[in-house]
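Enquirer: need a structure here:
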Amino acid sequence: MSIESIVNVLLGIIWSPWLVVLCLLAGLYFSVRTRFIQLRALPDMLRLMFRHERSEAGVSPFQALSLSLSSRVGVGNIAGVAMAIAFGGPGAIFWMWIVAFLGASSAFIESTLAQIYKERDASGQYRGGPAYYIEKGLGQRWYAVLFALVTVLAGAMLAGTQSNAITSAVNEAWGIPVAGTTAVLLAVLAAVLYGGVRRIARVAEWVVPIMAVAYLLVAAVVMVINVDRVPEVLALVLRSAFGVDAAFGAMIGTAIQWGVRRGVLSNEAGMGSGAHPAAAAEVSHPVMQGLVQSFSVYIDTMVVCSATAFLILSTGLYNVYDPAVNGVPDEARLLLANLPGVEAGPRFVQHAVESALPGFGRSFVALAILPFAFTTILALYYMAETNVSYLCRDRPGRATVTGFQLLFLGATGYSAVNTATVAWALGDIGVGMMSWLNIIAILLLQKPALAALRDYEQQKRQQRDPLFRPQAIGVRNTRVWER
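Expert: The predicted structure follows:
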């Protein structure tokens, strides 16, 4: 059996329907337990997002949000949405919305926990995330080590897929050799990584909003040109989601599976990756950053992914494969063939933009992928480095960090000049394993997060600026917060 066959078998086991059910039910459960915090706290989310608290140990809430978004908003917002439509039909977009709405509550819980159990590393900067709250909250060191190892693997593999997308897009748009693009990418990446989390946060703070706004503006222009089709597209998404569309009626199960799978891969709610930058923020109460991180899920899926979906669907330039094909492109098994010979992925978006703005689509998508993928690499590095720091915290040293940086750069460069087929599958496996481990952990560890939420809301009702005192609500192992 080939390596690719083994990887596909593992992928099928890990991303079984049980994981889809777990993601949805966990999100629904946390929504009920928090009394739908993702809806009723929207004004607070917007206000807290622009607070400028920061210190020598932490970054501002907005910088932490930008760092989190730089992981969430990436190639998946272009290629991932196109793949969801190709293999799940237009109805997959509805289920991406559902997993985002429910997942926002999961993101709130995991990010609040990351803040509660964060700690300072040897350099004095905040570190935190699932490995930290699993050990300190559940008292299970082996579980925390397992999560950290899986996260380091997932971070390296996913970074490679992003670098591959950059080199491929640049080569496709402008004919620049892959080797040349890889060399420039690695040089710039090394310079940024050498500056540590603060430099990463500063880069993300500026690049993420600019790239998101530019992408949304072009998507809006295309939708305005096709404005008469927007109601039709929305109706198509809803019909396909519930299996009542004539063309895609038999795809309801596939639509749910692909919508949830691509939704989780895009917005990362529940998989624990967003908890790492959440822990780096300087706030007076953990719930504050939990709310900010919850809002980032909306930005990723409800805004950026939706823009891509409507851009593709409003132009009608996409293919939909028969579910029996199991993700293998085969023109003989197409349910809908509006782009014969064009494989699923960024090319759907390129053709959509090109149809509305001739001569612009190919270069625009390449320019969009470039910053999207680069900032995602930065966020994936921070996520992986945080877990390396966790694994090596008893013997910290610059040599350890430098060694990991070289390994990360090597993995990124290797995938940049090679095919990303197996790398994407390995990344999916890593993300799936992270989701299994993290969702189970936050279900077991929900009490401290819910207690912190009650404490925050009680202080707000008393018109006080919330200040976290863990001892007052019975939360232990929170040395950073103990006064």
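
Enquirer: so which residues of the stretch 1-150 of the chain form strands?
Expert: 119-120, 126-127 (DSSP state E, counting those that start in this stretch).

Enquirer: go through those strands and pick out the most buried.
Expert: Of all the strands of the stretch 1-150 of the chain, strand 126-127 has the most neighbours on average by mean count of other CB atoms under 10 Å, namely a mean of 24. (C-beta placed from N, C-alpha, C; glycine too.)

Enquirer: contacts for it?
Expert: 57-58, 118-121, 279-282, 386, 389-390, 480 (CB atoms under 8 Å, 6 or more residues apart in numbering).

Enquirer: can you select the buried ones from the residues you listed in PyMOL?
Expert: To isolate the buried subset of these in PyMOL, counting by 16 or more other CB atoms under 10 Å, use the following:
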select buried, resi 57+58+118+119+121+279+280+281+282+386+389+390+480
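
Enquirer: now the stretch 51-200 of the chain, which segments are flagged as low pLDDT?
Expert: Within the stretch 51-200 of the chain, the segments meeting pLDDT under 70 span 51-73, 195-200.

Enquirer: pull the contacting residues for Asn477.
Expert: 117, 136-137.

Enquirer: for these, give me JSON lines that also has neighbour count.
Expert: As requested, those are exported to JSON lines (neighbours: other CB atoms under 10 Å):
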{"residue": "Tyr117", "neighbour count": "30"}
{"residue": "Lys136", "neighbour count": "23"}
{"residue": "Gly137", "neighbour count": "25"}
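
Enquirer: closest one of those to Gly180?
Expert: Tyr117 (44.3 Å; CB to CB).

Enquirer: for the closest one, which non-adjacent residue is closest in space?
Expert: Tyr133 (4.1 Å; CB to CB, 6 or more residues apart in numbering).

Enquirer: wait, that neighbour touches Ser111, no?
Expert: No - the pair Tyr133 / Ser111 is not scored as a contact, 10.4 Å apart, by CB atoms under 8 Å.

Enquirer: higher neighbour count, the two?
Expert: Between Tyr133 and Ser111, counting by other CB atoms under 10 Å, Ser111 is the more crowded of the two (34 against 30).

Enquirer: what's near enough to touch that one?
Expert: 274-275, 278, 289-290, 292-294.

Enquirer: which residues in the stretch 151-300 of the chain form helices?
Expert: Along the stretch 151-300 of the chain, the stretches classed as helices by DSSP state H, counting those that start in this stretch are 178-194, 196-225, 230-241, 252-267, 275-279, 286-297.

Enquirer: please apply the same query to the stretch 351-483 of the chain.
Expert: 361-391, 398-416, 421-444, 446-461.

Enquirer: a markdown table for those, including distance to Val192 and mean pLDDT?
Expert: Below are the helices of the stretch 351-483 of the chain laid out as a markdown table (distance: least, CB to CB, whole Å; pLDDT from 0 to 100):
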| stretch | distance to Val192 | mean pLDDT |
| --- | --- | --- |
| helix 361-391 | 6 | 83 |
| helix 398-416 | 11 | 83 |
| helix 421-444 | 21 | 84 |
| helix 446-461 | 32 | 94 |
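
Enquirer: got TSV for the contacts of Asn477, with distance to Ile14 too?
Expert: Output for the contacts of Asn477, formatted as TSV (distance: CB to CB, whole Å):
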residue	distance to Ile14
Tyr117	26
Lys136	27
Gly137	25
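
Enquirer: and of those residues, the nearest to Gly12?
Expert: Using CB to CB, these come closest to Gly12 at Gly137, 32.0 Å.

Enquirer: the closest residue to the closest one other than its chain neighbours: how many residues sit nearby?
Expert: Excluding the flanking residues, the one nearest Gly137 by CB to CB, 6+ apart is Leu445, at 4.6 Å. By other CB under 10 Å, 20 other residues sit near Leu445.
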